[in-house]
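Trainee: sequence unknown, structure follows:
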């Protein structure tokens, strides 16, 4: 998938370079009579093409708007919270998607009741499309495993993206996760919900949101909520007076 997008980008740049070369040839017709015309044209066109490709990739990779245009619906970069219920107990955590022109990487952690990491995950495969869904293989470290030494295991998460509205990024994803190895081997999390936090700039912002949602009012600790209170994912009571 990234390969096809890169190919499209390369073809656009190649077309621009060819048009540029033709225009130069029309403006300076005398160049075509030179014995050096063909080799110099090839070298110049190659140099311009390579420079244009690198410059365009740099600009797109460092501009959120252009990167969103490039990836379209699959623009996932940023911070996400996830939640699911298993055996009557609710679990939650954080994923961070890092995205450039070539790939998408996942770094995340599951949180315990104290909002400290209980698992750490890192993607070891690209995001692979499969009949409209997307799956990724993560290496998973269970920090609170009861089976002895901490050892990495693997998980496969399949993501189903909700429809986006216009140019806005996808906010909600449904997912299933299968665990392979360790004390949780064979576990299936069939109904995981991911929510993107557009304004979050750190894990702490998402943790603050999860604390608001999952802690009892009597257990809440004073925390800074300036950014989180503006998160559209947090419900706000309207003043009806």
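Mentor: Yes, it's here. Computed from a predicted model, the values in this text were never measured in an experiment. Numbering: from 1, shown residues only.

Trainee: CA only for contacts and neighbour counts going forward, please
Mentor: Will do.

Trainee: neighbours around residue 213, how many?
Mentor: 12 (other C-alpha atoms under 10 Å).

Trainee: sorry, wrong one. I was asking about residue 156.
Mentor: Around residue 156 there are 19 residues (other C-alpha under 10 Å).

Trainee: on the three-state scheme, it is what?
Mentor: What DSSP: H, G, I helix; E, B strand; the rest coil gives for residue 156 is strand.

Trainee: bridged to it, which residues?
Mentor: Note on residue 156: beta-bridge partners residue 137, residue 178, judged by DSSP bridges.

Trainee: for residue 135, see how far away it is.
Mentor: Distance, residue 156 to residue 135, by C-alpha to C-alpha, to the nearest Å: 7 Å.

Trainee: also residue 152?
Mentor: For residue 152, the distance to residue 135 - C-alpha to C-alpha - is 19 Å.

Trainee: all strands for this structure, in order.
Mentor: Assigned strands in the chain, in chain order: 78-86, 89-99, 104-111, 117-123, 128-130, 133-142, 152-161, 172-180, 188-197 (criterion: DSSP state E).

Trainee: what's in contact with stretch 73-80?
Mentor: 67-68, 94-99, 164, 169-170, 194-198, 200-203, 206 (C-alpha atoms under 8 Å, 6 or more residues apart in numbering).

Trainee: burial measure for the closest residue to residue 109 other than its chain neighbours, as a count.
Mentor: Using C-alpha to C-alpha, 6 or more residues apart in numbering and skipping the chain neighbours, the partner closest in space to residue 109 is residue 120 (4.3 Å). Residues lying near residue 120 (other C-alpha under 10 Å) number 20.

Trainee: residue 120 contacts residue 108, doesn't it?
Mentor: Yes: taking C-alpha atoms under 8 Å as the definition, residue 120 is a contact partner of residue 108 at 5.8 Å.

Trainee: quick revisit: closest to residue 57 out of the strands of the chain?
Mentor: Proximity to residue 57 (C-alpha to C-alpha) singles out strand 89-99 among these, at 13.1 Å.

Trainee: so which elements touch the closest one?
Mentor: Strand 89-99 sits against strand 78-86, strand 104-111, helix 203-214, with contacts defined as 3 or more C-alpha pairs under 8 Å, 6 or more residues apart in numbering; DSSP states H and E.

Trainee: run the angle between it and strand 78-86 for me.
Mentor: Per axes from the mean of the first three to the mean of the last three C-alpha atoms, to 10 degrees, the angle that strand 89-99 makes with strand 78-86 is 150 degrees.

Trainee: what lines up beside strand 89-99 in the sheet?
Mentor: Applying DSSP bridges, you get strand 78-86 (antiparallel), strand 104-111 (antiparallel) as the partners of strand 89-99.
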